[in-house]
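Engineer: let me see the structure of the following:
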Amino acid sequence: QYGVIIAGVYGGARYLLAFDLRTFAASLGILGIVIAVSSTQITQNVLAGILITINRPVHLEEWIIVGERPTTGLCKVRDISFTTTILQGLDGGLILMPNSSIISSKVVNYSRGGLLEIQVSLSVPVAADLVRVRAIALAVALEDPWILPNFNAAERGGTQALFDLPYIRRLRADRPDLAHFKPTILISSVSDGWIKLTMRAWISKIPRKDEVTSRYQKEVLRRLQAEEISVRAEVS
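Structural biologist: Prediction:
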């Protein structure tokens with residue numbers, strides 16, 4: 001009896017709706033594959049979320065960069081759920097990063113390290129007084145309150161305390177001193193009548209990187225132009 005009913009329904013559907021059982025079965029197969037792939041991705045992200053919770057490669061409010069090329073850029077960790085980690089870039093945009101990408105990608109954690117190196121390149125003519133140019137470039141860096149080791153007493157103590165964190169001490173056998181992080185001025189290259197100098201310095205205010213480099217460039221340009229020294233600047 002049920003067989004007759006099913007056969008009748010199928011016959012009517014095929015006659016009235018052009019229903020094809022083989023096409024329907026193939027559609028179910030494709031749908032099954034899509035569901036299986038989606039389920040696999042969800043499972044991977046959930047497992048990655050559990051690993052992030054256990055291993056803690058990143059914490060909330062930490063500054064990180066995820067990926068190699070292209071990277072997410074400098075971002076702050078805003079939320080970590082079972083499947084997704086939410087990052088916020090310096091431009092305010094939110095990035096929804098699958099947890100599996102956090103686990104499988106390169107992650108640079110600047111908050112754990114506590115410091116960030118900046119590099120600013122200056123090109124001056126070969127005929128320029130190189131000793132004077134280097135003296136000005138170094139003086140500007142040493143006078144900047146956000147560039148190591150030129151901190152006030154409270155900030156100096158807090159930055160030095162970073163080196164005593166268990167995470168940092170496991171990575172380094174020696175205990176670094178802030179004196180090791182003084183700015184340096186190096187000759188990078190000489191070409192087409194220009195000498196390229198690179199100022200390398202360390203900062204602890206990681207999200208202020210662009211502000212620090214911009215302020216440094218502005219002051220160096222002002223002082224060199226005041227002494228009628230031609231200069232070209234760029235951030236690397």
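Engineer: rest of the way, CA atoms for contacts and neighbours
Structural biologist: Will do.
Engineer: in the protein, which spans are strands?
Structural biologist: With DSSP state E applied, the chain shows strands at 63-66, 75-80, 84-89, 94-98, 107-109, 116-125, 184-191, 194-203, 232-235, listed in chain order.
Engineer: other SSEs contacting the second one?
Structural biologist: Okay, so that is strand 75-80. strand 63-66, strand 84-89 (3 or more Cα pairs under 8 Å, 6 or more residues apart in numbering; DSSP states H and E).
Engineer: of the strands of the chain, which approaches residue 148 most closely?
Structural biologist: The closest of these to residue 148 is strand 194-203. By Cα to Cα, the value is 5.6 Å.
Engineer: so what sits opposite residue 87 in the bridge?
Structural biologist: Per DSSP bridges, the residues bridged to residue 87 are residue 77, residue 95.
Engineer: now residue 122
Structural biologist: residue 197, residue 233.
Engineer: doesn't residue 197 make contact with it?
Structural biologist: Yes. Residue 122 is in contact with residue 197 according to Cα atoms under 8 Å; the separation is 5.1 Å.
Engineer: got a list of what residue 207 touches?
Structural biologist: Taking Cα atoms under 8 Å, 6 or more residues apart in numbering as the contact definition, residue 207 lies against 63, 74, 90.
Engineer: so what pLDDT did it get?
Structural biologist: Predicted confidence (pLDDT) for residue 207: 88.
Engineer: from residue 196, how far off is it?
Structural biologist: 27 Å (Cα to Cα, to the nearest Å).
Engineer: same question for residue 130.
Structural biologist: Counting by Cα to Cα - residue 130 and residue 196 are separated by 11 Å.
Engineer: compare those two (neighbour count), which wins?
Structural biologist: Using other Cα atoms under 10 Å as the criterion, residue 130 and residue 196 rank with residue 196 on top: 20 against 15.
Engineer: thought the more buried one was touching residue 231?
Structural biologist: No. Applying Cα under 8 Å, one finds residue 196 not in contact with residue 231, separated by 9.7 Å.
Engineer: what sits in contact with each of those two?
Structural biologist: 122-124.
Engineer: most neighbours out of those, which is it?
Structural biologist: Top of these by neighbour number is residue 122, holding 24 neighbours under the definition other Cα under 10 Å.
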